[in-house]
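Peer 1: pasting a predicted model and its sequence here:
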Amino acid sequence: METIVKIAASIDDIPTVEETDAMLDELRRRPRDSATAKMIDELLELRMLLGAAYEPTPAE
């Protein structure tokens, strides 16, 4: 958990996709309890939103 805290503490604003992926990688190594599962779910939702924000818009 210490690595996740270090990553989160180093982020000044909204995390990047890469920072979110790093936190997810760390959480996947932890035992699955309800708190870990909730954090994973929330980070996956954030990652989906970040990915949508960076997708190019189709040209009209």
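Peer 2: Arrived safely, thanks for sending. Numbering: from 1, shown residues only.

Peer 1: any low-confidence regions in this structure?
Peer 2: The chain contains residues with pLDDT under 70 at 1, 55-60.

Peer 1: center of it - which residue?
Peer 2: Thr20 (2.7 Å; C-alpha atoms, centre = their mean).

Peer 1: secondary structure element for Ser4?
Peer 2: In this structure residue 4 is Ile, not Ser. Here Ile4 is covered by helix 2-9, with elements defined by DSSP states H and E.

Peer 1: got the angle for the very next helix or strand once past that helix vs helix 2-9?
Peer 2: Later in the chain than helix 2-9, the nearest helix or strand by DSSP H and E is helix 17-28. When axes from the mean of the first three to the mean of the last three C-alpha atoms, to 10 degrees is applied, the directions of helix 17-28 and helix 2-9 differ by 160 degrees.

Peer 1: contacting residues around whatever helix or strand comes next after helix 17-28?
Peer 2: As assigned by DSSP H and E, the chain's next helix or strand after helix 17-28 is helix 34-54. With C-beta atoms under 8 Å, 6 or more residues apart in numbering as the contact definition, helix 34-54 has outside contacts at Ile14, Pro15, Thr16, Val17, Thr20, Asp21, Met23, Leu24, Leu27, Arg28, Arg30. Using the backbone N, CA and C atoms, a C-beta is placed for each residue, glycine as well.

Peer 1: buried subset of those, written for ChimeraX?
Peer 2: A single ChimeraX command selects the buried members of those (16 or more other C-beta atoms under 10 Å):
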select :15,20,23,24,27
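
Peer 1: would TSV of the contacts of helix 34-54 with distance to Ala53 be doable?
Peer 2: Formatted as TSV, the contacts of helix 34-54 follow (distance: C-beta to C-beta, whole Å):
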residue	distance to Ala53
Ile14	9
Pro15	12
Thr16	11
Val17	9
Thr20	12
Asp21	15
Met23	18
Leu24	17
Leu27	22
Arg28	24
Arg30	27
